[in-house]
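# Model the following, please.
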Amino acid sequence: MVVFGLIQAKPAPAVAECGVGGVRKAHAIAMHGEPKYAEGFAHFDYVNPEAPKGGSLRQGALGTFDSFNQFIPKGNAAATGSTETLLSSSEDEPYSLYGLIAERIEWPADRSWVVFTLREIARWHDGRPITADDVVFSFETLTTKGSPQYRFIYRGVSAVEKLAERRVKFTFADASNRELPLLVGQLPILPKHYWESHDFEKTTLEPPLGSGPYRVRRFEAGRFVELERVADYWGRGLPVNVGQNNFDLLRTDYFRDDTAIRLALKSGDLDLRLENQAKAWALDYDVPAVEKGWLNRERVEHRLPTGMQAFVLNTRREVFRDPKVREALAYAFDYEWTNKNLFFGEYTRTRSYFSNSDLASSGLPEGLELEILERYRGRLPPRVFSEEYVPPSTDGSGWPRDNLRRAFALLAEAGWEVVGNRLVHTESGRPFTFQFLLVSPDFERVVLPMIRNLKRLGIDASARVVDSSQYINRLRSFDFDAFVFVWGQTETPGNEQRVFWSSAAADQPDSRNFAGIRDPVVDELIEGMTAACTREELVAWTRALDRVLLWGFYVIPNWYLRSDRVLYWDKYDRPAVPVKSGVSTGLWWYDAERAEALERVMDQLDVVAETPARAEPPGWGWTITWILAGLIILYWLMRRALRAKD
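Reported below is the predicted structural model:
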C-alpha cells in the first residue's frame with residue numbers, strides 16, 4: 001500500500017447530499033446519472049464497426065519536437081500513440097467512462113474509494129502483462145516526478161493499494177470530490193519494468209514502451225514522426241475500440257509556419273488540415289483541386305464548449321495588478337473591426353470562459369447560481385450581481401474613440417496619467433509598457449491594430465515573435481507580460497479548473513493559471529463544482545465561477561467558431577453519425593477505391609498545385625514566325641533611320 005501526502009483540497013461548500021446505497025460493480029461509470037451503454041454493448045453508436053483497416057494519414061504540425069516523454073515539464077514532446085488509461089470515454093455523452101485496461105469498476109455511493117480490476121489480456125508491446133504494480137507505479141511516478149498538473153488533479157488521492165495481481169484500490173481523502181474515481185480512471189498507465197531502467201525525469205528520443213494501438217515506427221528529430229498501427233494490439237476487439245484506429249500509418253511533418261503547411265497540403269504532400277485562420281480559409285484554397293472535388297473543403301459542426309481564447313494578462317506583473325487597468329485595456333481591442341477586416345466575419349465574440357455551452361453565465365444571476373454567489377457578496381465586485389458581463393464593442397470603423405475615452409477614465413482612476421504623450425504612473429513616474437509574446441507571425445496582424453490603439457493611450461506596447469521552444473519555456477515559467485491562449489473546456493468541467501484558476505496553481509510552474517489568479521472565492525467555487533451531485537448543481541456552480549472570473553478582468557476575450565474547418569484529399573471516409581467533437585480522425589478510414597481514382601489525377605501537378613496552369617510552350621512554326629516578324633520590323637526601323645539621315 002502506498003500513501004501519498006499530497007496537498008489536500010479545502011472542504012467544499014455544502015451541496016445536496018449525494019447518492020446512498022451499497023457498493024456498485026460495473027463496466028462503466030458516469031459523472032452524473034447512468035452511462036448510456038449497458039454492459040455487453042458491441043460498439044459505440046457513432047462508429048462504423050465495419051471500417052476497413054489500412055492506408056495512411058499525413059498531417060502537418062507547427063513547430064518542432066525534441067522528446068517522446070510527454071509526462072514531464074521539459075522539452076517539446078511528440079505523441080507516440082502508445083499510452084493508454086484504465087478507462088475510455090464515449091463521444092456521445094457528457095462524461096461517462098468505460099473499461100479499457102480495466103474490465104470492472106467498484107465504488108461506494110459516497111465515492112470515497114474505487115477499485116479497478118484489470119483485463120487479463122492487457123499487454124505491453126513487449127508481451128508482458130499490465131498489472132496492478134504498473135498502476136501503483138504510474139500514480140506514484142506521475143505525482144512526484146511528472147508535470148505539476150498531475151499533482152493538482154490527483155491531490156485528493158490519499159492512498160493507492162495493490163489488492164491482487166490485477167486489482168488496485170484508490171482511496172480518497174476528499175470524499176466530496178465526486179470526480180476522483182473518473183479522474184484516476186484516466187491516469188496514464190506506464191510500464192514499471194521499462195522505467196525502472198530509464199530516467200523518467202529526462203527528455204528522451206527513445207520512444208518509451210507502451211500498450212496502445214500505435215507505436216513509433218521511425219522519426220527524424222524536429223522533422224517528422226511516423227506511427228504504425230500495432231497489428232497484434234491486445235485491445236483491438238474491445239467495444240470501446242471497435243471501428244477506431246483504422247489507419248496503418250500516421251505521419252506528422254513539422255513546419256516553421258502555417259503557410260508552408262498549406263502549400264504542402266495543396267501539393268499533395270499532406271492529406272488533411274484543420275484550418276485555423278479565417279483569411280486562409282477564405283482566400284488560400286481557391287485552387288482547381290478544390291473546385292474539382294479532389295481536395296475537399298468542408299465545415300464540420302461541433303457541439304463542444306469552446307472555452308476561452310483571449311489575450312492573457314499576467315497579474316504577476318506589477319502593471320497588471322489593478323483590475324481597473326485590466327478592464328481599461330479591453331477597450332483598446334476593436335473586435336468588430338478585426339472580425340470584419342481580418343476574419344471575413346467568420347467568428348463569434350467570446351463572452352464566457354465556457355462559451356458555446358449551457359455552462360456559460362448570462363443575464364443576471366438567479367436561482368441556485370444566485371444562492372451560491374450570495375455567500376460571497378461582500379467579497380465580490382458589486383457588478384457581479386447588478387450587471388451582465390459584456391465585452392466592449394465598437395462600430396467597426398477602426399477608430400474606437402469612445403472606447404479609448406472610457407479607457408482613459410479607468411486608467412486615471414487607477415493612478416495613471418499622460419505626460420508628454422506617455423502614460424506614466426502618477427506616484428512612481430514609471431511608464432506603462434508591456435509586450436505581447438507570440439509564437440506565430442500570423443498573429444501579428446491581429447495584435448498590431450490593438451497596439452496602435454494602446455499607443456493612442458500613451459502605452460508603450462509591442463509584440464515579439466519567438467520560436468516554439470523558447471515560447472513553451474517562457475510560458476512554463478510565466479515569463480511573459482501578455483500572450484494569446486485558449487483554455488479548452490468540456491461538457492463536465494471539474495478538477496482541471498484548479499490547474500487553470502486556483503491560487504495554488506498561480507505559483508506552480510507549468511500550470512495553466514497563466515493569469516496568476518489568486519482569489520479565495522474562485523478556489524471555493526472550484527471545490528463546489530467538483531462536489532456537485534447533479535448536473536443542475538454543476539451548471540449553477542460553473543456559471544457562478546464563470547461570472548466571477550469575467551468580472552476579474554484577467555483576460556481580454558477573443559472569439560470562437562462553432563465548426564471545424566477541414567480540408568482533406570478525397571481518399572477518406574467517415575461515419576454518417578456526427579460526433580459532438582466535430583472532426584475526429586480516429587473514427588475515419590482509408591477508402592482504397594477513392595485513393596486509386598485520386599492517384600490517377602495527382603500526376604497533373606499543375607492542376608493540383610496552387611500555381612495557375614502553365615501555358616503550353618509554342619511550337620516551332622510559331623517560333624519561326626515570330627523571328628521573321630522581328631527581323632522585318634528591325635529592317636523597317638533601320639531604313640527609316642537612314643532616310644532621316646539623308
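# from here on, contacts and neighbour counts on C-alpha atoms
Fine.
# With adjacent residues omitted, what lies nearest to Leu561?
Nearest residue to Leu561 in three dimensions, chain neighbours excluded: Tyr347, at 5.5 Å (CA to CA, 6 or more residues apart in numbering).
# Who are the contact partners of the one you found?
By CA atoms under 8 Å, 6 or more residues apart in numbering, Tyr347 lies in contact with Asn339, Trp559, Tyr560, Leu561.
# Let me see the contact set for the first one.
Same thing as Asn339. Applying CA under 8 Å, 6+ apart, we find Asn339 in contact with Gly345, Glu346, Tyr347.
# my read is it is in a helix, agree?
Yes. Assigned with DSSP: H, G, I helix; E, B strand; the rest coil, Asn339 falls within a helix.
# rewinding a little: dump the contacts of Tyr347 to CSV, plus distance to Val418, pLDDT and secondary structure.
Formatted as CSV, those follow (distance: CA to CA, whole Å; pLDDT from 0 to 100; DSSP: H, G, I helix; E, B strand; the rest coil):
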residue, distance to Val418, pLDDT, secondary structure
Asn339, 30, 97, helix
Trp559, 31, 97, strand
Tyr560, 35, 96, strand
Leu561, 38, 94, coil
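# now these in JSON lines, with distance to Ser477?
Formatted as JSON lines, these follow (distance: CA to CA, whole Å):
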{"residue": "Asn339", "distance to Ser477": "32"}
{"residue": "Trp559", "distance to Ser477": "26"}
{"residue": "Tyr560", "distance to Ser477": "27"}
{"residue": "Leu561", "distance to Ser477": "30"}
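# nearest to Trp399, of those?
Nearest to Trp399 among the contacts of Tyr347: Asn339, at 14.5 Å, using CA to CA.
# Okay, the closest one and Lys279: tell me how far apart.
10 Å (CA to CA, to the nearest Å).
# And the helices in the stretch 251-400 of the chain?
Along the stretch 251-400 of the chain, counting by DSSP state H, counting those that start in this stretch, helices occupy 258-266, 278-283, 288-291, 323-330, 335-341, 367-374, 383-386.
# so which of the contacts of Asn339 comes closest to Asp395?
For those, the nearest to Asp395 is Gly345 (13.9 Å; CA to CA).
# And the closest residue to the closest one other than its chain neighbours, how close does it get to Gln309?
Spatial nearest neighbour of Gly345, chain neighbours left out: Asn339 (5.1 Å); criterion: CA to CA, 6+ apart. Here Asn339 is placed at a distance of 14 Å from Gln309 (CA to CA).
# And the residue nearest the centre of this structure?
For the chain, the residue sitting closest to the mean C-alpha position, by CA atoms, centre = their mean, is Gly488 at 5.6 Å.
# And the pLDDT for that one?
Each residue has a pLDDT score; the one for Gly488 is 94.
# And it, how close does it get to Leu97?
Distance of Gly488 to Leu97, computed by CA to CA: 20 Å.
# now do Glu444
Using CA to CA, Glu444 is found at 41 Å from Leu97.
# Looking at these two, which one has more neighbours?
Just comparing Glu444 and Leu97: by other CA atoms under 10 Å the higher neighbour count belongs to Leu97, 22 against 17.
# which SSE is the more buried one in?
Assigned by DSSP states H and E, Leu97 falls within strand 96-99.
# which secondary structure elements does that strand contact?
Judged by 3 or more CA pairs under 8 Å, 6 or more residues apart in numbering; DSSP states H and E, the packing partners of strand 96-99 are strand 28-30, strand 87-89.
# ok, and what's touching it?
Strand 96-99 is contacted by residues 27-31, 35-36, 86-90, 105, 182, 185, 240 when judged by CA under 8 Å, 6+ apart.
# Stretch 39-50 now?
Residues outside stretch 39-50 that contact it (CA under 8 Å, 6+ apart): 26-28, 37, 90-92, 239-244, 574-579, 587.
# again, only this time at 6 Å
By CA atoms under 6 Å, 6 or more residues apart in numbering, the residues outside stretch 39-50 that reach it are Pro239, Val242, Gly243, Pro575, Val577.
# and the second one, helix, strand or coil?
Assigned state for Val242: coil (three-state reduction, three-state DSSP).
# Check what pLDDT it gets.
At Val242, the model reports a pLDDT of 98.
# Next, it: phi, psi?
Per-residue torsions, Val242: phi -60, psi 130 (degrees, to the nearest 10).
# Glu524 now?
phi -70, psi -40.
# Please report the distance of it from Ser386.
22 Å.
# Who has more neighbours out of those two?
Taking other CA under 10 Å, Glu524 and Ser386 do not tie; Glu524 has more neighbours (19 against 11).
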